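Participant: Here you go, sequence then predicted model.
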Amino acid sequence: MQNTGHVGKTVVFGGDMTTDIANALVDGKVLKAEVDISGLSVGKLAIAQAIKAVDGVKKPSNPDVQAPIVLYDGSAAGKKWLAAHPDGTP
């Protein structure tokens, strides 16, 4: 957006939170919101499903596993994420 002169003309939303993205939310000139699925949450879900498989739990007819999605919108959300993740690890 910055290189093409579209700052203030185009609204940007994204996925997967990082330190750079949190800083872009804080700035607020281009990025307006971000959605994220925590790698830790997905890992916990995967382990839970693996344990069920090892324990012989029958595979459901619909194997979808719901992962929580977190919305970060605006400068305050970016600041909160940065404070909670000072080392940048999600």
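Facilitator: Nice, I can see it.

Participant: Centroid-nearest residue for this structure?
Facilitator: The chain has residue 36 as the residue nearest its centroid, 1.2 Å off, counting by C-alpha atoms, centre = their mean.

Participant: nearest spatial neighbour of it, skipping sequence neighbours?
Facilitator: Closest residue to residue 36 apart from its sequence neighbours, by C-beta to C-beta, 6 or more residues apart in numbering: residue 17 at 3.9 Å. In this view, the C-beta of every residue, glycine as well, is placed from N, C-alpha and C.

Participant: Relative to the longest strand anywhere in the chain, what are the paired strands and their orientations?
Facilitator: With DSSP state E setting the assignment, residue counts place strand 31-36 as the longest strand in the chain. Strand pairing for strand 31-36, determined by DSSP bridges: strand 12-15 (parallel), strand 70-73 (antiparallel).

Participant: in the protein, which ranges drop under the pLDDT threshold?
Facilitator: In the predicted model, the chain carries no residue with pLDDT under 70.

Participant: who's sitting farthest from the centroid in it?
Facilitator: Here the centre of the chain is the reference, and by C-alpha atoms, centre = their mean the most remote residue is residue 56, at 32.0 Å.
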